[in-house]
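> take a look and give me a structure for this.
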Amino acid sequence: MGRPLTKPSVPVAHVVPVVPVVHVAPVVREAPVDAVVRLQPWRKFVMNTAEECETYYKAEIKKASVPENGYNLVIIGPTGAGKSSYINSIYAMLEGSHSCVARVRANGDNCTKECTIYKSKTDQEECLIGDVKIIDTMGIQTDGNGITDECLNAVLDGKVEIGNLDEKEKMTKERTSFRPHAVIIVVSARHIESTGNDSAWRPVFHDLFDRIPTDVSSLIVITHCDMLNDINGDLNKVYSSVRLKAVVEKIGRDIGVTHEHIFPVVNYVGESARHVTPLQSVYIWESIMCAIRAAKNKGKMIQR
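Residues are numbered from 1 along each chain as shown. Below you'll find the model as predicted:
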């Protein structure tokens, strides 16, 4: 018998399964909101560099504070806000080196126990701020231990004898030689950031603004800006800080002050007081320039 017939073997084809091609869009990671905003500063310098800004501000201050215009700038604010350190920073810049005309504690906190007047020792013709007097006051406190209402009213009316302890302040009726031409309210960025809508400070600030005479200009200086988390000592980030912008907006919203009257600064305190730099100074120069302009304009809108 022959061999049984078999069907010829057919090679088995290996079929590769067809996998549909899925077009996956590339993942675009959005930058954090903070980073986006930081690329767009909420306030810009008036010039391209800190050195150019400093030159501009000094020229404008010199122009506005000619010797025959004796202006009184009164510094008011909560205890520990940095009022005395702000004054020391001004004179450090005027003298080009560390200055301690106003007493402060080692950590820069409040040490003012009396109304004190400060004036440059340089001849008026040579002094950048001319015959501008800066008057420091006791701190405002919500517990009643700070400057008294009577003393605060007397300071704003120019009817207080400078240099006496608060509890012994002598009020006058006739003399008003120290009546302010402008009031600089100093607040701490850390303090403003931490206060809620129910803070006891809100009515205090409202009351303070109500006390300021209508013909006296007022502006706000924000200290401790370099301590905010998104600045952290980098002074180049002051005008692009999201947290500082929020502080400025909070002040404007809660107190009703326009942004043009709010000035963030970084005081010369501790080690920084030994090295006066254009970048750190430029923020303070701007606030002083606008304060003197405000004093000159008697309550009218000031411009940078």
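
> quick one, helices of the chain?
33-38, 50-64, 83-95, 149-157, 189-194, 201-211, 242-255, 278-297 (DSSP state H).

> from those, which stretch is densest packed?
When you average the neighbours per residue for each of these (mean count of other Cβ atoms under 10 Å), helix 83-95 leads with a mean of 25. Glycine gets a C-beta too; all of them are placed from N, C-alpha and C.

> got the angle for that helix vs helix 50-64?
Relative orientation of helix 83-95 and helix 50-64, computed by axes from the mean of the first three to the mean of the last three Cα atoms, to 10 degrees: 90 degrees.

> give me the angle between helix 83-95 and helix 278-297.
Angle between the axes of helix 83-95 and helix 278-297 is 100 degrees (criterion: the same axes, to 10 degrees).

> for helix 83-95, name the packing helices and strands.
For helix 83-95, the packing partners by 3 or more Cβ pairs under 8 Å, 6 or more residues apart in numbering; DSSP states H and E come out as strand 72-76, strand 133-136, strand 182-188, strand 217-223, helix 278-297.

> among these, which is nearest Tyr56?
helix 278-297 (8.7 Å; Cβ to Cβ).

> quick one: average pLDDT of that closest one?
Helix 278-297 shows a mean pLDDT of 93 in the predicted model.

> could you dump the helices of the chain into a markdown table and include distance to Val221?
As requested, the helices of the chain are exported to a markdown table (distance: least, Cβ to Cβ, whole Å):
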| stretch | distance to Val221 |
| --- | --- |
| helix 33-38 | 23 |
| helix 50-64 | 15 |
| helix 83-95 | 6 |
| helix 149-157 | 17 |
| helix 189-194 | 10 |
| helix 201-211 | 14 |
| helix 242-255 | 11 |
| helix 278-297 | 5 |
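
> for those, which one sits closest to Tyr71?
helix 278-297 (4.1 Å).

> is it true that Ile262 touches Ile251?
Yes: under the criterion of Cβ atoms under 8 Å, Ile262 makes contact with Ile251 at 5.8 Å.

> where does the prediction get shaky in the stretch 151-300 of the chain?
Along the stretch 151-300 of the chain, the model assigns pLDDT under 70 to residues 161-176, 271-273, 299-300.

> again, only this time at 90
Scanning the stretch 151-300 of the chain for pLDDT under 90 picks out 151-155, 157-179, 194-206, 209, 214-215, 253-258, 269-276, 296-300.

> cool, the stretch 1-150 of the chain as well?
Low-confidence segments of the stretch 1-150 of the chain, defined by pLDDT under 90: 1-40, 62-71, 84, 88, 91-133, 137-138, 141-150.

> check contacts around the nearest residue to Met93 once chain neighbours are set aside.
Nearest in space to Met93, with sequence neighbours left out and distances taken as Cβ to Cβ, 6 or more residues apart in numbering, is Ser281 at 4.9 Å. Residues near Ser281 by Cβ atoms under 8 Å, 6 or more residues apart in numbering: 50, 54, 93.

> so the first one touches Leu279, yeah?
Going back to what we said before, that points to Ala50. Yes: here Ala50 reaches Leu279: they are 4.3 Å apart, a contact under Cβ under 8 Å.

> quick one: residues in contact with stretch 242-259.
With Cβ under 8 Å, 6+ apart, stretch 242-259 has contacts from 33-34, 37-38, 42-43, 187, 189, 192-193, 202, 205-206, 209, 218-220, 222, 225, 228-231, 238, 262, 264.

> can you check stretch 220-233 too?
By Cβ under 8 Å, 6+ apart, stretch 220-233 touches 34, 38, 81-82, 85-86, 184-193, 234-235, 237-238, 241-244, 247-248, 251, 255, 257, 261-267, 283, 287.
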